[in-house]
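got a structure for you, letters missing:
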């Protein structure tokens, strides 16, 4: 497989520039939050930006006449390891939800940090659905499908090359969520590593896209429920 100049530039941006940008702007000031447009505008804008990024990846892949199966555009191989990793991922995610429900302080802090990026009511949630699907599909195309495939090609000659090709995108992806706090970065990295191995072992985007979309949809619902339970002066 041969990669073109666009692939190299995109990989450079994802692996080096994006993490540096995320670290530099890890905290969102209250002044900036107050100046943000309505959340539905953020949902659609962010979703469209992700879709454009994914379309650029797919267009480059198509122009280069590479096999779509190499990008994970195929039906998954449902091996025992894939099913086990999927079950572990679901367990980790549900454990975090349950912990939040029983630890009110943790839940309140999380809602405070995420209040400007998660829906506060069902009206906002209807717009958030677009972002959940856009992110679930586009981020998997960019961070799992493209970046893992790209890195595994060059790291295949290195010991633990497959592990590194999963770990690096997971770290990059989690750091892009640094605005949610370092604890969120750690949780997202764990989930991203599991998603990476599910993609690698199944050879398909299908499972990881479904999981990612469901996680985003459920997280948005939990945000609505959580904020509805809080006194108005806490949100």
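Received it, and whenever you're ready, just let me know what you need. Here the structure is a predicted model, which means the values were calculated and not measured.

Is the residue positioned nearest the centre of the chain in a helix, a strand, or coil?
Geometric centre of the chain, nearest residue: residue 139, 5.6 Å, by Cα atoms, centre = their mean. Taking DSSP: H, G, I helix; E, B strand; the rest coil as the rule, one finds residue 139 in the helix state.

got a list of what residue 130 touches?
Taking Cβ atoms under 8 Å, 6 or more residues apart in numbering, we find residue 130 in contact with 43, 44, 47. Yep, even glycine has a C-beta here, placed from its N, CA and C like the rest.

Point out where the protein drops to low pLDDT.
Low-confidence segments of the chain (pLDDT under 70): 26-36, 113, 228-235.

can we see that at 80?
Applying pLDDT under 80 to the chain flags residues 1, 24-37, 100-101, 103-116, 179-181, 226-235.

how about the contacts of residue 130 in JSON lines, adding neighbour count, secondary structure and distance to residue 157?
Converted to JSON lines, the contacts of residue 130 look like this (neighbours: other Cβ atoms under 10 Å; DSSP: H, G, I helix; E, B strand; the rest coil; distance: Cβ to Cβ, whole Å):
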{"residue": "43", "neighbour count": "25", "secondary structure": "helix", "distance to residue 157": "42"}
{"residue": "44", "neighbour count": "15", "secondary structure": "helix", "distance to residue 157": "43"}
{"residue": "47", "neighbour count": "21", "secondary structure": "helix", "distance to residue 157": "38"}
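
Closest one of those to residue 110?
residue 43 (18.9 Å; Cβ to Cβ).
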